[in-house]
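[1] how would this look folded up:
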Amino acid sequence: MEIRDYLNILRKRGWIIIAVALLAAGAAFAISRVQTPTYKAVAQVSVVPARPDLGLGMTAKDLLRNFAVNIKTHKTARQVIDRAQLDMSTYDLLSKVEVNPVGDQFMIEISAEDQEPEVAKSISLAFANEFVDERNAYYQQQDKADRIEVKLVDDLIDAPLFKPKPVLNAVAGLVLGVLLGLLLVFGLEWLEADILRTPESVERTLGLPVMGAIPADGGAPTRASKRGVKPSATPQTIQP
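    Numbering: from 1, shown residues only. Take a look at the predicted model:
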């Protein structure tokens, strides 16, 4: 197909693409608006060697993954529930929490999600403080030169809206709708690919000039088919 053919298809069926895109965007926006908002708070814990030693630094990085595993346990969760006075089970609490080690920054990020922003902040800070207190109590028994300093980066954190995001979802729905609309349009064109609608398409396909056409009843546009010629509704090819 030539570029002109694609442009003709878009002119004729472009409304389908627009309709599908708007429908998808509207549906995504509406669904996002009725979902319950969830907020996410992130507490950062710094884990830095007491002295600038390469070996101690590598040890600290390796320990980050172990620390992350030990933070997200039912034992720690029970202590956090007592500390923050939370009314939930350890299973519910752990389902709200994610712990991620960030090796290149000597950092552990403890994130918590909840439908209430203050609860999310309370959970993430409680986990962070519990870990800091436990590690500091342990390292007090170690030689100062071999200690790893563990501390909360900031005790004031925010809990912005995490999901849903109606505008972002609407944009994503719009893009998806455009793609679906294009597939639908070209699918319809493929189903009608054997139909020759204009004298130009007949000449291009058959390689013969069209000298005239017999109009359909009522003067409606005529069609020609590759599979057969319908005398009453198709252009007639006349050879001089």
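[2] quick one: Val185 and Ala19 touch, right?
    No. In this structure Val185 lies outside contact range of Ala19 using CB atoms under 8 Å: 10.8 Å. (Glycine included, C-beta is placed from N, CA and C.)
[3] neighbour-wise, which of those two wins?
    Taking other CB atoms under 10 Å, Val185 and Ala19 do not tie; Val185 has more neighbours (19 against 13).
[4] Check what pLDDT the more buried one gets.
    Looking at Val185, its pLDDT is 85.
[5] Quickly find the element holding it.
    helix 166-191 (DSSP states H and E).
[6] what about that helix, distance to the chain center?
    16 Å (CA atoms, centre = their mean, to the nearest Å).
[7] Does anything pack onto the longest strand that the chain contains? Which helices or strands?
    When the chain is parsed with DSSP state E, its longest strand is strand 38-49. On a contact count with 3 or more CB pairs under 8 Å, 6 or more residues apart in numbering; DSSP states H and E, strand 38-49 meets helix 54-71, strand 107-114, helix 117-139, strand 148-152, strand 161-163.
[8] so which of these is the most packed in?
    strand 107-114 (a mean of 22; mean count of other CB atoms under 10 Å).
[9] Name the surrounding residues that touch stretch 174-189.
    Here stretch 174-189 makes contact (CB atoms under 8 Å, 6 or more residues apart in numbering) with 9-10, 13-14, 16-25, 28.
[10] worst-scoring helix or strand of this protein, pLDDT-wise?
    strand 224-225 (a mean of 45; mean pLDDT, DSSP states H and E).
[11] which ones are touching the residue nearest to Gln44 when sequence neighbours are not counted?
    Nearest residue to Gln44 in three dimensions, chain neighbours excluded: Val153, at 4.1 Å (CB to CB, 6 or more residues apart in numbering). Taking CB under 8 Å, 6+ apart, we find Val153 in contact with 43-46, 107.
[12] Need those in TSV (columns: pLDDT).
    Below are those laid out as TSV (pLDDT from 0 to 100):
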residue	pLDDT
Ala43	94
Gln44	94
Val45	93
Ser46	91
Met107	90
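[13] I'd assumed Gln142 was in a strand, is it?
    No. Counting by DSSP: H, G, I helix; E, B strand; the rest coil, Gln142 is located in no strand; its state is coil.
[14] was I right about Phe162 contacting Tyr39?
    Yes. Phe162 lies in contact with Tyr39 (CB under 8 Å); the separation is 5.9 Å.
[15] anything in contact with each of these two?
    Contacts common to Phe162 and Tyr39, judged by CB under 8 Å, 6+ apart, are Glu113.
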